[in-house]
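>>> using only what follows, build the 3D model:
(3 chains)
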Amino acid sequence: MKKPSFYLEVYKIVRKIPKGRVTTYGTIAMILDNPRAARAVGYALNALKKNVESQSIPWHRVINAKGQISHKGDSSRASLQKKLLLAEGIFFNESESIDFKKYAWINS
DNA sequence: ATCGTGACGAACG
DNA sequence: CCGTTCGCCACGA
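Sure thing, here's the model as predicted:
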């Protein structure tokens, strides 16, 4: 059977992330059997923000491998993301990064 | 089919 | 520790 587009797979994964947990672009890529497609994952989420369905996808739980928020210019989205994470009980250390030891998502 | 682009990541210096 | 460089991949024009 044919696979849906890469985007749809990414969204599907992101939707599985439970509240209070976070994961990285690279991790999602790994789940999709493309450990090197982290960039493509970010690209997918970028396109997502235009879709109305984005409201049902916890995109804010996806951060980069450093445990930080990537915003590449658009800082407004970064502040929103941080706000949403804090609301879920996910806090940042003094370096503005998230401790994976506590919040990393385990795919089950 | 080729080119440019981007919410990434690992390796270097 | 910080900035730079290069490699990766999917997508739209």
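
>>> the strands in chain A, which residues?
For chain A, strands defined by DSSP state E occupy the ranges A:23-24, A:62-63.

>>> can you pull the contacts of the residue most central in space within chain A?
Within chain A, the residue whose C-alpha comes closest to the C-alpha centroid is residue A:62; the distance, by Cα atoms, centre = their mean, is 1.5 Å. By Cβ atoms under 8 Å, 6 or more residues apart in numbering, the contact list for residue A:62 reads A:14, A:17, A:22, A:23, A:24, A:25, A:28, A:41, A:45. Yep, even glycine has a C-beta here, placed from its N, CA and C like the rest.

>>> please apply the same query to residue A:10.
Contact criterion Cβ under 8 Å, 6+ apart gives A:28, A:32, A:41, A:44, A:45 as the residues in contact with residue A:10.

>>> wait, residue A:58 touches residue A:11, no?
No: Residue A:58 sits out of contact with residue A:11 when judged by Cβ atoms under 8 Å, with a separation of 10.4 Å.

>>> okay, the two: which has more neighbours?
Neighbours were counted for residue A:58 and for residue A:11 using other Cβ atoms under 10 Å; residue A:11 has more, 22 against 19.
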